[in-house]
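[1] fold the following and give me the result.
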Amino acid sequence: MAQPTFAASSLFAGTNPSAANTPSTTVTNTPASGSSANNTFLMTASPSRNRKSAVEGYKPKIISTIGAKPACLVNASVTYVGNDQIYAFGGFDQYTDEVYNHVLRLNLTTRQWNLVDNYGDIPGVRMGHTACLWQGDKLLVFGGENEHRQHLNDVIVFDLKTAYWTQPELHGPAPRGRARHSAVIHDEKLYISGGQTGHDSVLDDITFLDLKTWTWSRSWKFVPRYDHASWIWNGRIWIFGGINDDMEKNNEIWWLDLRGSPGFETAMTYGSGDRQLVSSRQRITNSGSSQGATGSTGYTANSSVQSYPSALISARSPYVAPGSISSLKFHSSPNLPSQASGTHFHIFSSGCMLDFVTPAELSCETGLSSLELDTLRWQKLADGKDLFSPNYRWHYCTTNAEGTHAWLLGSPVEPSADGNGVTGNEYLSDVLCIDLRKYGILGNELASDSRPKLPSSDANVSSHLTGIGADLSLTFDKPPETGSGADFIITADPDDMDFDASPVTEAGPSSTALAPISCPIHVHKFILHARWPHFARLWSAQMAEFHSKKMHIPEPYSAVRAFLFYLYTDSIAPNPHNGPNLNDTAGMLVMANIYDMPRLRLLCVNRLGRELDTEHAAIIWERASTANEDWLKRRAAAFCLSNWGRVVRTVAFRNLSPGSILDLCSEADTDSRVVSGEELEILGQLNRPFGAGSTRKRSLGSAGVAAAEDDDADEGAEDDGMDVN
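    Presented below is the predicted three-dimensional model:
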């Protein structure tokens, strides 16, 4: 099955937030000047006030397309190019044995496929090539295999604006022709690794093309793979998936350090060093094969043959790579997806490798998992039943450069006449659109690697923060008499963190004590106005807070303080001094929902999903329910049920309201039951085989809840079997 192409990028097009609950507004009469309004905002209540979710869980949608739908081509390239458009090029028609060089465009808005009229130096037919988005408006096509099983090593550029093909003049030792390799663009270099060539041999080299000088580097020895994925993160090129030289699928991940190596970092110059001064812009067309053949799609296949002089191929054996090479093999983990079953698509986003395990011809466990590259830890983000319909088969996957959305292209299936299998549709007729942010994926722009890390200034050299946020943090919550310049006060509901709560009295002849409030938090209205849209609206309308320079937010003090600290620092990273803990982050998630702040919401969901543990699972579940975060709620509920014996003994669980405890218990599957003792040992013995991908039942303590389908990792579920080289 064809594998998608990948292009690493750190661009970000901004977030289109989904509709969120806006805070209710209550009108109260307050003393004010004639020029001000007599209204003030009362913030919505905290989770303890039972604000219930009215939003159903997120479910990716399948859209059916119209127009010139392509056949279910094998080894074509499918690339998302922005502006709701996907381009497909080339591929092999398994029903007619034809290889194509057609360019097709899918408009996701109109759901229309169109055959693109293209011009210029049109490439020959091919399959198993790669097509990477370059400079936002070009497709960079490399290699592939034509209908005569000849493996190509040419580079062709397709301009998306003009539909014009150009073949640049290349210099240096061209790599061997190949198909089913991987390609990724980073720092104006096209990195090519692995692939398959004649006689079913698997290539184990890596090379790059300098896109500034169009000069090939030499080839280095790396890892033998084809049908794999590659991407670049944190100064390394990573390889995962695919088939090795033993023709086996595997669970190994490899990486090669690019930093600190002149071979990778020095700009390639034409004719430098020991590189051959030859041009690869030569094409020999076999006129005897020029007659087109028509396939089932009605398109005409271009049967031109491309071959290249042997002088263009570097005859030397690959050099040892100049950077360090490391690998890790996963043996077993509760969240490790088996590469041997299902159809896998691997994409990169936000410092994670995402593994879509889609249905294959035979039934298999499906789902969406992530591998965090910083920790090399697997997590299960979604079950297959929540993502994929069993009535569809998916053949291609592509993602946007921002890493916030993915699209799977495929077709519906029907049971075969003998009932022993399924038959597929002949066309790529359907698209599954997935918003990865719904599963706690930040997107490349918010990931730490792609954001500039400016050091703190001389005023705060020891801060864990970066940039101006480090300096602003020094002025946070400092009384005006200290010279901080604070000119606004915010109070909250007192909690365990606040030791100076004081009751509020209502002015009048018969003063009545109201609910206590926390100690004041001293802030600067300029920063709140610039960073908090709700405050800016309140200030512009000259509400009562505009005149009193005070505001009360009916949320826990620690959450409010963490929220305000985020406005100063743009960070929710943990830190012993001011960084929010998981309780604070869960409270900030509720506030992000109240004030419709999608960026903060995404940061909170990402951190809570990654750091979910026994002590905080119950409170994360409750706050996710309050904030309408269905994915996080289900994830926390599954964690609680899988670790019931420990979760019910935590402070967070005991602080839940009786109604919330009943709701959490109702999260269990209808067939679930509490088991203990010998039954737990039997369940442990019925575990999946070593390294397999089947569901695993876990138990911690003397009692637990065994559910038919709910299975998530506990805090101790690290990758308990791996080899590191």
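
[2] worst-scoring helix or strand of this protein, pLDDT-wise?
    Within the chain, confidence by mean pLDDT, DSSP states H and E is lowest for strand 703-706 among all helices and strands, at a mean of 37.

[3] name the nearest residue to F653, sequence neighbours excluded.
    Nearest-residue entry for F653: A618, 4.1 Å, with adjacent residues in sequence omitted and distances by CB to CB, 6 or more residues apart in numbering. Every residue, glycine included, has its C-beta placed from N, CA and C.

[4] so G91 bridges to which residues?
    G91 has these beta-bridge partners by DSSP bridges: Y100.

[5] just give the number of residues close to it.
    31 (other CB atoms under 10 Å).

[6] and the residue nearest to F653, what is it in contact with?
    Going by CB atoms under 8 Å, 6 or more residues apart in numbering, A618 touches 636, 640, 647, 650, 652-653, 655-656, 664.

[7] buried members of those into ChimeraX, please.
    Buried residues among the contacts of A618 (16 or more other CB atoms under 10 Å), as a ChimeraX selection:
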select :636,640,647,650,652,653,656,664
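
[8] now for the contacts of A618, which pair is the farthest apart?
    The largest separation in the contacts of A618, counting by CB to CB, is between A636 and N655 at 14.9 Å.

[9] count the neighbours of W165 for me.
    The burial count for W165: 19, using other CB under 10 Å.

[10] need the contact list for it.
    118-123, 156-159.

[11] how's this protein carved up into domains?
    Structural domains annotated on the chain: 1-56+454-611, 75-167+282-309, 169-276+314-331, 333-452, 614-725, as defined by automatic domain parsing.

[12] what mean pLDDT does the second one get?
    I take that to be domain 75-167+282-309. Averaged across domain 75-167+282-309, the pLDDT comes to 82.

[13] what is the neighbour count of the residue nearest to H529 when sequence neighbours are not counted?
    What sits nearest to H529 in space, not counting adjacent residues and going by CB to CB, 6+ apart, is A536, at 5.1 Å. Using other CB under 10 Å, A536 is surrounded by 13 other residues.

[14] just want the phi and psi numbers for A536.
    phi -60, psi -40 (degrees, to the nearest 10).

[15] got it, and L641?
    Here L641 shows phi and psi, under degrees, to the nearest 10, equal to phi -70, psi -40.

[16] that one: neighbour count?
    Using other CB under 10 Å: L641 sits among 23 other residues.

[17] could you do A617 as well?
    By other CB under 10 Å, 29 other residues sit near A617.

[18] against A586, how distant is it?
    A617 sits 10 Å away from A586, going by CB to CB, to the nearest Å.

[19] shaky segments in this protein?
    1-56, 200, 266-318, 361-362, 415-424, 448-466, 497-515, 576-578, 676-725 (pLDDT under 70).

[20] OK, contacts around the nearest residue to D159 once chain neighbours are set aside?
    Of all residues not flanking D159 in the chain, K138 sits nearest, at 5.6 Å (CB to CB, 6+ apart). Contact partners of K138, counting by CB under 8 Å, 6+ apart, are 157-160.

[21] can I get these in CSV with neighbour count and secondary structure?
    As requested, the contacts of K138 are exported to CSV (neighbours: other CB atoms under 10 Å; DSSP: H, G, I helix; E, B strand; the rest coil):
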residue, neighbour count, secondary structure
V157, 18, strand
F158, 27, strand
D159, 16, strand
L160, 22, coil
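
[22] ranges for the strands of the stretch 601-725 of the chain?
    Counting by DSSP state E, counting those that start in this stretch, the stretch 601-725 of the chain has strands at residues 673-676, 703-706, 721-724.

[23] what's the neighbour count on D630?
    18.

[24] from what I can see it touches Y58, true?
    Yes - contact criterion CB atoms under 8 Å: D630 and Y58 qualify, at 5.9 Å.

[25] ok so, going back, would you list the contacts of K138 in a markdown table and tack on distance to V523?
    A markdown table is the format used below for these (distance: CB to CB, whole Å):
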| residue | distance to V523 |
| --- | --- |
| V157 | 53 |
| F158 | 53 |
| D159 | 51 |
| L160 | 48 |
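
[26] and which of these is nearest to W220?
    For the contacts of K138, the nearest to W220 is V157 (24.9 Å; CB to CB).

[27] contact partners for the nearest residue to that closest one once chain neighbours are set aside?
    Excluding its sequence neighbours, the residue lying closest to V157 (CB to CB, 6+ apart) is T166, at 5.0 Å. By CB under 8 Å, 6+ apart, T166 lies in contact with 120-121, 156-157, 159.

[28] run the last query once more with 7 Å
    Going by CB atoms under 7 Å, 6 or more residues apart in numbering, T166 touches 120-121, 157.

[29] phi, psi of it?
    The phi and psi torsions at T166 (degrees, to the nearest 10) take the values phi -130, psi 150.

[30] again, but for T79
    Residue torsions, per degrees, to the nearest 10, at T79 are phi -130, psi 130.

[31] for it, give the beta-bridge partners.
    Y87.

[32] from D117, how far off is it?
    Taking CB to CB, one finds T79 at 19 Å from D117.

[33] likewise for V74?
    V74 is 25 Å from D117, by CB to CB.

[34] more neighbours: those two, which one.
    More crowded of V74 and D117, by other CB under 10 Å: V74, with 15 against 7.

[35] check contacts around the spatially closest residue to that one that is not a sequence neighbour.
    Closest residue to V74 apart from its sequence neighbours, by CB to CB, 6+ apart: F92 at 4.4 Å. Each residue near F92 by CB under 7 Å, 6+ apart is listed here: 73-75, 99, 127.

[36] break down the stretch 301-450 of the chain into its strands, ranges please.
    Using DSSP E, counting those that start in this stretch, strands in the stretch 301-450 of the chain cover 319-320, 325-332, 343-349, 352-358, 367-372, 377-383, 392-399, 405-415, 422-424, 430-435.
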